[in-house]
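**Student:** Below: sequence and its predicted model.
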Amino acid sequence: MIYQANPVHQFNKFSGASSGLGEAGALYLAPQIASRLGVSAGEAVKISNASGQIAAIVKLDPSFSGAYLPYFDDKLGGEIFFKTSRFASVKIDKISNAPGGSDER
């Protein structure tokens, strides 16, 4: 389950376009969830459900106990998961650098 929200310092797509902040969207995870999924900060993951799939980099957020996907970065494409709700049930798979794809979690 992920939540659609922006980090505190990003308000919307206009702040996301600010070159002064220089930030790209990511999947923000509580450290406990990242550990359970076997992923670390900076690693790539595939996020998917029946609505589609995207790839994102993991960022850890110890101030939050869940997982959230921001909408300030148009290039991330996470809005496909949130057509009717700010919550979405998704599968998160670590993307392996090895030939053959991802490590299923």
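**Tutor:** Looks like it came in fine.

**Student:** And the residue nearest the centre of the protein?
**Tutor:** In the chain, the C-alpha nearest the mean C-alpha coordinate belongs to residue 27, at 1.8 Å (Cα atoms, centre = their mean).

**Student:** tell me the contacts of the residue lying closest to that one once chain neighbours are set aside?
**Tutor:** Nearest residue to residue 27, sequence neighbours excluded (Cβ to Cβ, 6 or more residues apart in numbering): residue 56, at 4.3 Å. Just so you know, the C-beta spots here come from the backbone N, C-alpha and C atoms, and that holds for glycine as well. For residue 56, the contacting residues are 25, 26, 27, 44, 45, 47, 69, 76, 78, by Cβ atoms under 8 Å, 6 or more residues apart in numbering.

**Student:** Please apply the same query to residue 58.
**Tutor:** So residue 58 contacts 26, 27, 29, 34, 39, 40, 41, 42, 43, 44, 45 (Cβ under 8 Å, 6+ apart).

**Student:** Please repeat the previous calculation with a cut-off of 6 Å.
**Tutor:** Residue 58 sits next to 27, 29, 39, 41, 43, 45 when contact means Cβ atoms under 6 Å, 6 or more residues apart in numbering.

**Student:** excluding its backbone neighbours, what's nearest the fifth one?
**Tutor:** The reference is to residue 43. Nearest residue to residue 43, sequence neighbours excluded (Cβ to Cβ, 6+ apart): residue 58, at 5.2 Å.

**Student:** does that neighbour have beta-bridge partners, and which?
**Tutor:** When bridges are called by DSSP bridges, residue 58 pairs up with residue 27.

**Student:** And the strands in this protein, which stretches?
**Tutor:** Taking DSSP state E as the criterion, the chain carries its strands at 2-4, 27-29, 44-49, 52-60, 67-69, 87-88, 91-95, 102-103.

**Student:** any chance of those strands in JSON lines, with mean pLDDT too?
**Tutor:** What follows is the strands of the chain, written out as JSON lines (pLDDT from 0 to 100):
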{"stretch": "strand 2-4", "mean pLDDT": "70"}
{"stretch": "strand 27-29", "mean pLDDT": "93"}
{"stretch": "strand 44-49", "mean pLDDT": "96"}
{"stretch": "strand 52-60", "mean pLDDT": "95"}
{"stretch": "strand 67-69", "mean pLDDT": "89"}
{"stretch": "strand 87-88", "mean pLDDT": "92"}
{"stretch": "strand 91-95", "mean pLDDT": "96"}
{"stretch": "strand 102-103", "mean pLDDT": "46"}
